[in-house]
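*Asks:* predicted model and sequence follow; I will ask about them next.
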Amino acid sequence: MARNRAFLTAAFGAPLAILAAPVVAQASLAMLDSLDKGGWELRFRDGATARKLCVRSGRELIQLRHSGENCNRFVVQDSADEITVQYTCRGNGYGRTHIRKESTSLIQMDSQGIAGGKPFQFTAEARRIGNCD
């Protein structure tokens, strides 16, 4: 019996552990780390006023409508050129942001959710424009 259990663990447990390993590594959001640090400008596709921000880690781009809030994040997609993150900000809504990297200084993004009890949705292009002010 013990020998059968050991065989089953080796036969099925090891491959499952190998399959589970990429899931942990997937949540690294390394694409955001690869972006150039500094001053960036977001140009919204709907014609809204452009917005400037300082990118220090790239993670600032995930929660633009909930910036500065401590929100729980769930990584939906994490590849070398694209990420999708869903987040929930207790008591102040939630969001889902998708970012596609064209280069280390140019990205395309879209985000939607609820902030302050109101829905939001935007599509934007962001590019590095220099140093942080």
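*Replies:* Now that the structure is in, tell me what you want to look at.

*Asks:* host element of the spatially most central residue of the chain?
*Replies:* Geometric centre of the chain, nearest residue: V85, 4.1 Å, by Cα atoms, centre = their mean. In the assignment (DSSP states H and E), V85 maps to strand 82-88.

*Asks:* what sits up against that strand?
*Replies:* When contacts are defined by Cβ atoms under 8 Å, 6 or more residues apart in numbering, strand 82-88 is touched by residues 29, 31-32, 62-63, 66, 71-77, 94-101. Every C-beta, even on glycine, is put in place using the N, C-alpha and C of the backbone.

*Asks:* what bridges to the closest residue to S28 other than its chain neighbours?
*Replies:* Using Cβ to Cβ, 6 or more residues apart in numbering and skipping the chain neighbours, the partner closest in space to S28 is D78 (6.6 Å). The partner list for D78 in beta bridges (DSSP bridges) reads I83.

*Asks:* following the lowest-mean-pLDDT helix or strand in the chain, which helix or strand shows up next?
*Replies:* Using mean pLDDT, DSSP states H and E, the weakest-scoring helix or strand in the chain turns out to be helix 14-26, at a mean of 39. The first helix or strand that comes after helix 14-26 along the chain, using DSSP H and E, is helix 30-33.
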